[in-house]
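>>> any chance you can model this:
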Amino acid sequence: MQTKYGIAFFVVAVVVGLVLTPERRFLITKQFWIGAAIAFLIFLPNLIWLIRHDFPFLELMHNIRQTHRDVVRGPIAFFVDQVQIMNPILFPLWLGGLVWLFLGREGRRFRVLGIVYIVLLAAFIALRGKNYYLASIYPVLFAAGAIGFEKITAARWKWSRLVYALLVVGSTIILAPTVSPILSPEQFVAYQKKLGFEPPKAENQPTGPLPQYFADEFGWENIARETARVYNSLSPEEQARTAIFANNYGEAGAIDYFGPRLGLPKSICNHQSYWLWGPRDYDGSIVIVLGSDGTGDREHFQSVEPAGRVEHPYSRRDEHFDIFLCRGLTGDLHQFWPRMKNYH
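Residues are numbered from 1 along each chain as shown. This next block holds a predicted model:
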């Protein structure tokens, strides 16, 4: 819960599974409630923070829904995505594991795990969750499927174990470059085109030639270097009061990560958690603006001039943008800040 609030769905699914199976006996043990209390105490500071800040996570999710950023999949399409994400060759294994948990003579005592999967699958479909949110539960079904497969082939068809193992290994080797950075970007593009297999998208983002999870690995240092070039073109007196404003937490993170070795100050940003940290001590007299087309900035500054350009052939297309040097904010930055919140 400290890392990902989505774990709350898993907690609910486990409780549902316990209630619907003989394992409900664990709900009346003191160990269960002591463990729950310890977990709650560990999470309590995070919960207090959420309450004090009006649950930013819920506001973020609401805004994302309104902008249709995430890909919304129907029940059948969501299930088909699971087959693709987990490797189609493994589909019989985890589906068989689910069947074994409900119908297998020995598997039924672990039925609670099958119920957890069903509850999570139904919840993410109903709440329009991303297709990869279920990924972490599949090792349970792989294990169950392996036991079921072993039972079925114990007396006959033992040869099928080796055949299936070879299919799994072979398909993994073939698909590995599509999910791991094994090939160069140029080789990957050619390989994916030849393979004819494209992983299902989770977000409606202009990614360019690479899938989002690869495209997100490129361009960040370029952002910091081009920003440093603009920053270093200013006099030391100007640099002392120059803010670097990013419209996206990724760009702000690039400045904060790569910036120190380039002599850059910490960035300010109105996107998600960065907005909560405010504009620091800057007054807006000089601002280097990243991730903007400059049109909106002209309303708030006395002068706005293009000063640089960021792009990378393999980064996401929304990470291709101009850098603007803006001077003379027509107001107080700290007064502007509350109206600049961007939870998207």
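>>> helix or strand for residue 151, which one?
With elements delineated by DSSP states H and E, residue 151 resides in helix 138-152, which encompasses its position.
>>> send the alpha carbons of that helix over as CSV?
Output of helix 138-152 as CSV, limited to C-alpha atoms (Å, rounded to 0.1, in the frame of the first residue of the first chain):
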residue,chain,number,x,y,z
TYR,A,138,-0.4,-15.1,-12.5
PRO,A,139,2.5,-16.8,-10.8
VAL,A,140,-0.2,-18.3,-8.5
LEU,A,141,-2.0,-19.7,-11.5
PHE,A,142,1.2,-20.9,-13.1
ALA,A,143,2.0,-22.9,-10.0
ALA,A,144,-1.5,-24.4,-9.8
GLY,A,145,-1.5,-25.2,-13.5
ALA,A,146,1.9,-26.9,-13.3
ILE,A,147,0.6,-29.2,-10.5
GLY,A,148,-2.6,-29.9,-12.4
PHE,A,149,-0.6,-30.7,-15.6
GLU,A,150,1.7,-33.0,-13.6
LYS,A,151,-1.4,-34.9,-12.2
ILE,A,152,-3.0,-35.3,-15.6
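>>> how far out from the middle of the chain is that helix?
In terms of Cα atoms, centre = their mean, to the nearest Å, the gap separating the centre of helix 138-152 from the centre of its chain is 29 Å.
>>> and the contacts of that helix?
Counting contacts by Cβ atoms under 8 Å, 6 or more residues apart in numbering, the residues outside helix 138-152 that touch it are 86, 90, 92-101, 104, 106-107, 110, 113-114, 116-117, 161, 164. For every residue, glycine as well, the C-beta is placed using N, CA and C.
>>> which among those residues end up buried?
The neighbour count (16 or more other Cβ atoms under 10 Å) marks 86, 90, 93-94, 96-101, 104, 107, 110, 113-114, 116-117, 164 as buried among the contacts of helix 138-152.
>>> where in the stretch 151-300 of the chain is pLDDT low?
Per-residue confidence for the stretch 151-300 of the chain (pLDDT under 70) gives these ranges: 293-296.
>>> got the residue ranges for the strands in it?
Taking DSSP state E, counting those that start in this stretch as the criterion, the stretch 151-300 of the chain contains strands spanning 242-246, 268-269, 286-292.
>>> ok, which of those comes nearest residue 70?
Proximity to residue 70 (Cβ to Cβ) singles out strand 286-292 among these, at 20.4 Å.
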